[in-house]
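Novice: when you get a sec, could you give me coordinates for this:
(2 chains)
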There are 2 protein chains.
Amino acid sequence: MGADNLQVRMRRRPVGMVDADDFDLVRAPMPVPGPGQVLVRNTWLSLDPYQRTRMDAERTYVDPMQVGDLMPGGTVGVVVESRADDVPVGATVAGWLGWQAFGVADRAALRVIDPQAAPPSTALGVLGMTGVTAHYGVVEIGRAKAGETVLVTAASGAVGSVAGQVAKILGCRAVGVAGGERKCRYVVEELGFDACVDYKAPGFEAALAAATPGGVDVLFENVGGPVMDAAIGRLNDFARIAFCGNVSQYNETEPYGLRRVRDLLMRRVTLQAFVIADRRDHWPKALAELGAWYRDGQLRGREDAVDGLENAPAGFVRMLTGGNLGKQLVRLH
Amino acid sequence: MGADNLQVRMRRRPVGMVDADDFDLVRAPMPVPGPGQVLVRNTWLSLDPYQRTRMDAERTYVDPMQVGDLMPGGTVGVVVESRADDVPVGATVAGWLGWQAFGVADRAALRVIDPQAAPPSTALGVLGMTGVTAHYGVVEIGRAKAGETVLVTAASGAVGSVAGQVAKILGCRAVGVAGGERKCRYVVEELGFDACVDYKAPGFEAALAAATPGGVDVLFENVGGPVMDAAIGRLNDFARIAFCGNVSQYNETEPYGLRRVRDLLMRRVTLQAFVIADRRDHWPKALAELGAWYRDGQLRGREDAVDGLENAPAGFVRMLTGGNLGKQLVRLH
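Specialist: Numbers count the residues shown, from 1 in each chain, chains lettered A, B, ... in the order given. Below you'll find the predicted structure:
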């Protein structure tokens, strides 16, 4: 059985907050690459809030998962068998192989990584989907200009932490919202945001107003719910919202009703929802800029890893309840 | 006192639904034009939902009105005294003179109308702010393309009725939402929408789904509240919302909480709020196209007038409670 694959599958649909019991760890046959494909041994697995939305019966960007399906997700790994001419055994590749020890993919669905240029795990964070998402939202949707104020919710999260750093690099005032003093300190002291407001502390709205004395020109919105409402209350005329995530609602059974719709109208706000998978054309430009900033030391980001595929469900629950600090990964062995 | 002016002023801020007692009809000195200005005798006054929002203490696009202020509004009238070289006495002009019998304006703030080309009152409706608003929302924000479905709320209203007709002219399927059977019949039979759904009838959401079998690509949103929520539920991936008005909420003291925020995200919707006063550059193009369509008979619109300045408050309340059919005007004598 040593050549078997190991997978995490959805055992049942979560109701409300996801639980480790909603998953199954199962053995599966070792996959076999066809022509033009490679077999990859995964070394890192990315845990991201969007995975929670796939588990619901409602459609997201794609059709919902079915009970028994492999959990989807971004991965980094090493090629152990290759039937693609330009990818040798031993190459490090980033792809979408999901929560499993081994996976097969078409060459075209993989990005070859130089493990000397940056730690391979960054291909799932600052130099991967996470980073490109943040870059697109701030640069293309937000059109953030030097001197403007960019407000980032879930600022200590994987995407938010990059969004605020990109805003700073562009010459903006970056203000974060995060849960708890420890995260807020990280956002300001390690990531270099100008300010961070704790949404769990009393007087949140007053503190948010004090941190954004000139209002907000760009809102990078990751959480939805009451925090989004508060953030909308700070928007300037002609503000832009890069609507990236709604994570406060992913484990709720009843949606929060957004109250500040009037402000969107009166301030002539543009809200654009996006998922970076739709914007393949943006990846090369974004990765070039992010890579340069990373090498310069202008861009950084903690990683927060759990060990072993069997701990992926617990790590996932931890991320969705805000227990992590930095990009949540699973390290595979 | 025959040379006195007559004005409608805000007597007090409305609480909830506006009432005729919230206004005062007052005599005022006849205004005197300065150099480069003209004195206009108003013949038509435009009643529009945005005027209600100006009466609240909260800021809208501009600072709120104060108690005792003249009610603002679009007007058409005849020049009775001119100190501007290129506007003779007797010229018909459209401007923003507010709820009064006479007003003075700078030449630059007036648009000279040819009363032979179209009835002057149309300069407040299909060939004025109303029409340009509809055109901008469908063409520039909605980017409506032939074959797409355009959903218009408050479809029998002044702006909505033009929005749906523009969508039809562009080759779209135009679906309206209106209150009551009479309005829905008008929208389909007179304005030529493909379908209209009565939001007051039981089974509204099911009827809306049946009227938009291919989903909705462009939502021209005038009302907000639960109707907006239902409309969002029909949006296709990458739909555009031209967010023009929130009239269901203008007389409410507590805002409605918008529930379908998840759909905005998952369907990668772009919502853009706008007021046409910000888009002066769009007026010439829009008025040229609307004028051509009007002369061709492709574009039409009823007008619904009350007589006399003293009846402006009652006409305003009537419009905000949906009692009118067509563009609400006041005819002055």
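
Novice: residue in chain A nearest to chain B?
Specialist: Across chain A, no residue is closer to chain B than A:G257, which sits at 1.8 Å (CB to the nearest CB). For the C-beta atoms, the positions are set from N, CA and C on the backbone; glycine is no exception.

Novice: who are the contact partners of the residue nearest to that residue when sequence neighbours are not counted?
Specialist: Closest residue to A:G257 in three dimensions, ignoring its sequence neighbours and counting by CB to CB, 6 or more residues apart in numbering or on different chains: B:G257, at 1.8 Å. The contact partners of B:G257, by CB atoms under 8 Å, 6 or more residues apart in numbering or on different chains, come to A:Y256, A:G257, A:L258, A:R259.

Novice: just A:M30 next, same as before
Specialist: A:M30 is in contact with A:A3, A:D4, A:N5, A:L39, A:F102, counting by CB under 8 Å, 6+ apart.

Novice: same question for A:P14.
Specialist: Counting by CB under 8 Å, 6+ apart, A:P14 has contacts A:D22, A:R52, A:M55, A:D56, A:N251.

Novice: make a markdown table out of the residues you listed and add neighbour count.
Specialist: Shown next, in a markdown table, are the contacts of A:P14 (neighbours: other CB atoms under 10 Å in any protein chain shown):
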| residue | neighbour count |
| --- | --- |
| A:D22 | 19 |
| A:R52 | 21 |
| A:M55 | 21 |
| A:D56 | 16 |
| A:N251 | 18 |
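
Novice: sort out for me which of those residues are in helices.
Specialist: The helices, defined by DSSP state H, take in A:R52 from the contacts of A:P14.

Novice: and of the contacts of A:P14, the nearest to B:V132?
Specialist: A:D56 (42.5 Å; CB to CB).

Novice: with adjacent residues omitted, what lies nearest to the closest one?
Specialist: Using CB to CB, 6+ apart, the nearest residue to A:D56 is A:P64, at 6.2 Å.

Novice: isn't the one you found right up against A:R54?
Specialist: Yes. A:P64 sits in contact with A:R54 when judged by CB atoms under 8 Å, with a separation of 6.4 Å.

Novice: which one's more surrounded, those two?
Specialist: Ranked by neighbour count (other CB atoms under 10 Å in any protein chain shown), A:P64 and A:R54 place A:R54 first, with 19 against 15.

Novice: who are the neighbours in contact with the more buried one?
Specialist: A:T60, A:V62, A:P64, A:M65, A:P72.

Novice: A:G68 too?
Specialist: A:R9, A:M10, A:R11.

Novice: contacts only, for the first one.
Specialist: Shown in contact with A:R9 (CB under 8 Å, 6+ apart): A:F23, A:D24, A:V26, A:G68, A:D69, A:L70, A:M71.

Novice: 10 Å instead?
Specialist: A:23-26, A:28, A:65, A:67-71, A:98-100 (CB atoms under 10 Å, 6 or more residues apart in numbering or on different chains).

Novice: quick one: secondary structure of A:V187?
Specialist: Here A:V187 is recorded as helix under DSSP: H, G, I helix; E, B strand; the rest coil.

Novice: and it, how many neighbours?
Specialist: 29.
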